[in-house]
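K.L.:
Please work out how this folds:
(one chain, ligands or ions: 1)
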Amino acid sequence: MARTVKCPSCGGELTVKDENRDFMFCEYCGTKVMLDDYRETHRFVDEARIQESKDAKELELKKMEFEERKRHEENANASKTIKTCLIIIIVCFAILMIGGFLGFFH
Ligand SMILES: [Zn+2]
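P.N.:
This is a model prediction of the structure:
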């Protein structure tokens, strides 16, 4: 990320390079220019990074929530299948019982 500072001595626009951290020298007049906003810039970057990780966490939470909901749906489907099976078994038993009582299987 390139940024510029104004030389306090001659007012020239100076491009701050990555290796310039706390100060740099003006390329026009040679004045030592303190880069006071260095920490400000980094604080901003850190905050952006924190926000980013927060977003990532939220995304993960949403993903987990989605997975949870999917699991719930699968469980609901499974219990529905089990209920259907039980009903079929009960009906079969009922038919067998009725058949037994009526003597069809004797
Ligand atoms: Zn200068």
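K.L.:
Residue 31: neighbouring residues, count only.
P.N.:
Residues within reach of residue 31, counting by other CB atoms under 10 Å, total 16. Yep, even glycine has a C-beta here, placed from its N, CA and C like the rest.
K.L.:
ditto for residue 33
P.N.:
With other CB under 10 Å as criterion, residue 33 counts 21.
K.L.:
And for residue 14?
P.N.:
Per other CB under 10 Å, the neighbour tally for residue 14 reads 20.
K.L.:
Would you check that my belief about it contacting residue 24 is correct?
P.N.:
Yes - assessed by CB atoms under 8 Å, residue 14 is found in contact with residue 24 at 6.7 Å.
K.L.:
what touches both of these two?
P.N.:
5, 33 (CB atoms under 8 Å, 6 or more residues apart in numbering).
K.L.:
pLDDT on stretch 96-106, on average?
P.N.:
The pLDDT scores in stretch 96-106 average 77.
K.L.:
Helix or strand: which one has the residue positioned nearest the centre of the chain?
P.N.:
The centre of the chain sits closest to residue 59, judged by CA atoms, centre = their mean, with a distance of 2.1 Å. With secondary structure defined by DSSP states H and E, residue 59 is part of helix 37-102.
K.L.:
Now do that helix: distance to the chain's middle.
P.N.:
Distance, stretch centre to chain centre, for helix 37-102: 17 Å (CA atoms, centre = their mean, to the nearest Å).
K.L.:
Helix, strand, or coil at the residue lying closest to residue 29 once chain neighbours are set aside?
P.N.:
Among residues not flanking residue 29 along the chain, residue 10 sits closest, at 4.4 Å (CB to CB, 6 or more residues apart in numbering). At residue 10 the chain is in coil, as set by DSSP: H, G, I helix; E, B strand; the rest coil.
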